[in-house]
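J.: Show me how the following folds:
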Amino acid sequence: MAFRTEQEVDSLHATIECEQPQPDLYKFVGRINIYKDKEEPSCRPLGAENLLLRGATLKNTQHIYAVAVYTGMETKMALNYQSKSQKRSAVEKSMNAFLIVYLCILISKAVINTVLKYAWQWSPDRDEPWYNHRTENERQRHMVIRAFTDFLAFMVLFNYIIPVSMYVTVEMQKFLGSYFITWDEEMFDEELGEGAQVNTSDLNEELGQVEYVFTDKTGTLTENNMEFIECCVDGNVYIPHAICNGQILSAASSIDMIDSSPGGYRREHEDLFFRALCLCHTVQVKEEETVDGIKRGIHQGRPTSFYISSSPDEVALVEGMKRLGYTYLRLKDNYMEILNKDDEIERFELLHVLNFDSVRRRMSVIVKSSSGEYLLFCKGADSSIFPRVVSGKVEQVKARVEQNAIEGLRTLCVAYRRLSESEYQEACHHLNEAKLALQDREQRLAQAYDIIERDFVLLGATAVEDRLQEKAADTIESLHKAGMKVWVLTGDKMETAAATCYASKLFRRSTQILELTKKRTEEQSLHDVLFELNRTVLRQRSISGLSVDCLDFGLIIDGATLSAVLKANQERAGSGNYREIFLEICRNCSAVLCCRMAPLQKAQIVKLIKASKEHPITLAIGDGANDVSMILEAHVGIGIMGKEGRQAARNSDYAIPKFKHLKKMLLVHGHYYYIRIAELVQYFFLQNVCFIFPQFLYQFFCGFSQQPLYDTAYLTLYNISFTSLPILLYSLVEQHITMETLKRDPSLYRDIAKNSLLRWPVFLYWTCLGVFDAVIFFFGAYFLFDNTTFTSNGQLMTTNTQMMFGNWTFGTLVFTVLVFTVTLKLALDTHHWTWINHFVIWGSLLFYVIFSLLWGGIIWPFLNYQRMYYVFMQMLSSGPAWLSIILLITVSLLPDVIKKVLCRTMCPTATERAQSNRPCLTVEPSTIFMLSQSSSRMSF
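T.: As a prediction, this is how the structure comes out:
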């Protein structure tokens, strides 16, 4: 039933039944009941091919008539707006753990001071001194309430030890730092016209902690730009002289056929094979138009046609057939037209399409020739075609397929079956019954396909080449040197995937390959194979000792065996843990290839490694919709902007144009991000300990009266104005090693592996260093303050002088030493100096001095107190005060200098050795921190 006019559409009376709204973009189950006069309603199935999603582009037509099925928040796009699972970096987890420690320290300080206060006030003359008489309400208040009130007061006094501003600064650092990836000109692809994209900035530092890389093969390691190489029909090989990539020439006069195998061939099978590849596909023929900004379909100055398809394989096969004499012309009114090598147009009615899916790994079409003959053509993976073949030269074709697979070519087998009228009607019955089902439609279709696709006659096979991406081998080699283990997860057959792994240097010729495949488990039990492989790797490891070079194993596992391992682990939990044995084998392999993998199995592999006892940081990278599950499962997901759509890029944390950009993403950007944020976190904890510990010590000298050591303005502005900008800028632009060095020596990545800069020993060192500095600040100022020469400024002691040098002068002296020390500590750790570093670091110190002069040099009318009036100027008017400040700063910085000298001399790390090969401090114009120039692409 067809509607050709607006009036016919307007007269349509029908109802649509469909499934409840669900977020799967590629699935739709429904049917339409069409009512006409008083006849029984005719029922037609509705599937994903009938559903038009928001944002789709119309092809081959100017307009359509449609009915809205889902609206509002029930649309598939709206249902996909649901947030993904929250990913948290290792640095964030460490920050939270450290924060709990500091919270415990805060509570401990408050408890200790509360207890000591009441111990101090146990004597009546100390409980209520002459200068601080209590009110009657305070005397009658219960002891417990008074103690709890004092505890809360101490909590407020010491709460600055909790670095709340650190979380704000970290978020700013992550957000602003993410722009450096998008501005990186080296990660910009001219062909796509796009650069790297950051979909989430929460995981920047996680790029520097990756231990496992899980990568897809097709479109990720390879270009996904298919080129037809050859086809084999009944053992006879056909090789076109040239491939016309993407263009359909107006004539086929230049086509040659070369039979590279001895003997002839059957003309019937040859014609059927070429017709099968011209008919069994979902390719569309398009006239000249602009596609992705590129004009397609121009040949010799004249517009012509070109092929488009969701699968590059299909385009390559149809183009290959054109070069061999059979040209697919068009699909019009359900009739497929092809031009044979005799320049005759053949028309076939397209009756049914049995779509490809990753489970069946094949697709079929049922067509009707002009002579009325029903033909079922099928193409698919050899593992899904050969078991369904009943005749044909199977051995010859199989041998050719295996040879092509070893050479790294993608192979497909082609078969056909003639259907009688009754067989066709039976097939239609099964298909229509399954398509009209509203419940379990996919399962019923799979059963129908299984019934129809059998008893094939094998015609031949094809070989398509998918070239390795530029610098893919160099990238994998660099990742290996950086200490990462690379796993390739692909749906291709083992031989094809293994050839790609050798070409990309995932496997070397010296690599000992261990196979855990279905073929081997059929010969031996799974239990025996696992234990034999485990003994092999453990024996080699015990022989080689600590020499990693000798432990060069590579593991190949297929999807069927992986399912068996995981299933056996569940069934035999009491008698044997296959999962742990499998993981132990993988740990001792430098590379792993997982072939014949379904999309869900890719995610299962990633989840399996994530849940292992080491809890390694994982990264998954892919380019297609079948990679989305593993991208979402991994700690860090990276999508390739490839030719299989943008599903992977949209669902990833980061998107890059090519696989080669992963090298700089991890070894440079990841390294920098981790170093910067680790320093930022430790620095904040250090500066807050230095800030608040003198306040704790001061309580021992003021009767635990909650008297603050610092002025309120200093308490407020310490983390906001005096110390925030230098560390923020450091965390954005610091380059402790040049980018060229990081790219040239990937082993430097190992120095920051396993969150090495935020481990507990490092955290305790920074905390103890903060306590040491705080003790120097407080007691250094205390003993110097107690000196009469200092307090009298070289003059006779007077009452006015003693008043002037009171507790606010003492606190200001401590605070001045504190601000200068923590800022200069950061300057000592800075390796990459720019004019912005100088401006911010020295500007922050200058701002503190100017603010103190203004704050204490003017009587502010809006303040109820003027306790800081003239304090800062009076302090700086004393020469001994200047000497004290310089002396205390020097003593506080001494441990940092000694540690740097001893570590670089006694036991330098690879990073420190690399730093020693160049000047530690370089002054050059800043070329990276130009946040206002967001429109320009920048090199970083």
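J.: which residue sits closest to the residue positioned nearest the centre of the chain, ignoring its sequence neighbours?
T.: Centroid check for the chain by CA atoms, centre = their mean gives G637 as the closest residue, at 2.4 Å. Spatial nearest neighbour of G637, excluding adjacent residues (CB to CB, 6 or more residues apart in numbering): I631 at 3.5 Å. In short, each C-beta sits where N, CA and C put it, glycine included.
J.: Could you list the low-pLDDT ranges of the stretch 751-900 of the chain?
T.: 785-805, 861, 863-864 (pLDDT under 70).
J.: Please enumerate the helices of it.
T.: 760-785, 788-792, 799-804, 807-829, 835-857, 871-876, 879-906 (DSSP state H, counting those that start in this stretch).
J.: relative orientation of the first one and helix 879-906 in degrees?
T.: Between helix 760-785 and helix 879-906, the angle formed by their directions is 150 degrees, by axes from the mean of the first three to the mean of the last three CA atoms, to 10 degrees.
J.: quick one, helix 760-785 and helix 807-829 angle?
T.: Here the directions of helix 760-785 and helix 807-829 differ by 140 degrees (the same axes, to 10 degrees).
J.: Pop out the phi and psi values for the residue nearest to the centre of the chain.
T.: phi -110, psi 130 (degrees, to the nearest 10).
J.: Show residues contacting the helix or strand containing the residue nearest to G637.
T.: Using DSSP states H and E, I631 sits in helix 628-633. Helix 628-633 has contacts (CB atoms under 8 Å, 6 or more residues apart in numbering) with 84-85, 214, 489, 599-600, 602-603, 605-607, 610, 620-622, 637-639, 647-648, 651-652.
J.: model confidence over that helix, on average?
T.: What helix 628-633 shows for mean pLDDT is 88.
J.: what about the helices in the stretch 251-400 of the chain?
T.: Under DSSP H, counting those that start in this stretch, the stretch 251-400 of the chain gives helices at 267-279, 312-323, 382-385, 394-406.
J.: can I get the CA coordinates of the third one in PDB?
T.: By that I understand helix 382-385. What follows is helix 382-385 as a C-alpha-only set of coordinates in PDB (Å, rounded to 0.1, in the frame of the first residue of the first chain):
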ATOM      1  CA  ASP A 382      33.600 -16.900   7.800                       C
ATOM      2  CA  SER A 383      32.700 -18.200  11.200                       C
ATOM      3  CA  SER A 384      29.000 -17.400  10.600                       C
ATOM      4  CA  ILE A 385      28.800 -18.600   6.900                       C
END
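J.: in stretch 491-499, what's buried?
T.: Neighbour-count burial for stretch 491-499 flags G491, D492, K493, M494, E495, T496, A497, A498, A499 (criterion: 16 or more other CB atoms under 10 Å).
J.: The fifth one in helix, strand or coil?
T.: Three-state call for E495 (DSSP: H, G, I helix; E, B strand; the rest coil): helix.
J.: That one touches K398, doesn't it?
T.: No - between E495 and K398 there is no contact, the gap being 11.8 Å when judged by CB atoms under 8 Å.
J.: what residues does the helix or strand where R520 lies touch?
T.: The secondary structure element spanning R520 is helix 518-523 (assigned by DSSP H and E). Here helix 518-523 makes contact (CB under 8 Å, 6+ apart) with V529, D558, A560, T561, A564.
J.: so of those, which ones are in strands?
T.: When the contacts of helix 518-523 are checked against strands (DSSP state E), the matches are D558.
J.: Pull out the buried residues from the contacts of helix 518-523.
T.: V529, D558, A560, T561, A564.
J.: For these, give me JSON lines that also has pLDDT and distance to A461.
T.: Formatted as JSON lines, the buried ones among the contacts of helix 518-523 follow (pLDDT from 0 to 100; distance: CB to CB, whole Å):
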{"residue": "V529", "pLDDT": "84", "distance to A461": "30"}
{"residue": "D558", "pLDDT": "86", "distance to A461": "20"}
{"residue": "A560", "pLDDT": "82", "distance to A461": "22"}
{"residue": "T561", "pLDDT": "86", "distance to A461": "25"}
{"residue": "A564", "pLDDT": "84", "distance to A461": "28"}
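J.: closest to I836 among these?
T.: Of all these, I836 sits closest to D558, with 54.5 Å by CB to CB.
J.: pretty sure the closest one contacts A498?
T.: No - applying CB under 8 Å as the test, D558 and A498 come out as separate, 11.3 Å apart.
J.: Report the set of residues contacting both of those two.
T.: Listed as contacting both D558 and A498 by CB under 8 Å, 6+ apart are C595.
J.: Give me the residue ranges of the stretch 501-650 of the chain where confidence is low.
T.: Using pLDDT under 70, the flagged stretches of the stretch 501-650 of the chain are 541-551, 568-576, 643-645.
J.: redo that, cut-off 50
T.: For the stretch 501-650 of the chain, applying pLDDT under 50 flags the ranges 546-548, 573-576.
J.: Strands of that one, residue ranges please.
T.: Remark: strands assigned in the stretch 501-650 of the chain by DSSP state E, counting those that start in this stretch are 512-516, 553-558, 591-595, 618-622, 636-640.
J.: closest to L887 out of those strands?
T.: Closest among those, using CB to CB: strand 636-640, at 48.0 Å.
J.: Show me what stretch 352-372 is in contact with.
T.: 279-282, 311, 336, 346-351, 374-381, 383-385, 419, 424, 427-428, 431, 446, 449, 452-453, 491, 598-599, 626.
J.: List the buried residues in it.
T.: Within stretch 352-372, the residues that qualify as buried are H352, L354, F356, R360, R361, R362, M363, S364, V365, I366, V367, K368, counting by 16+ other CB under 10 Å.
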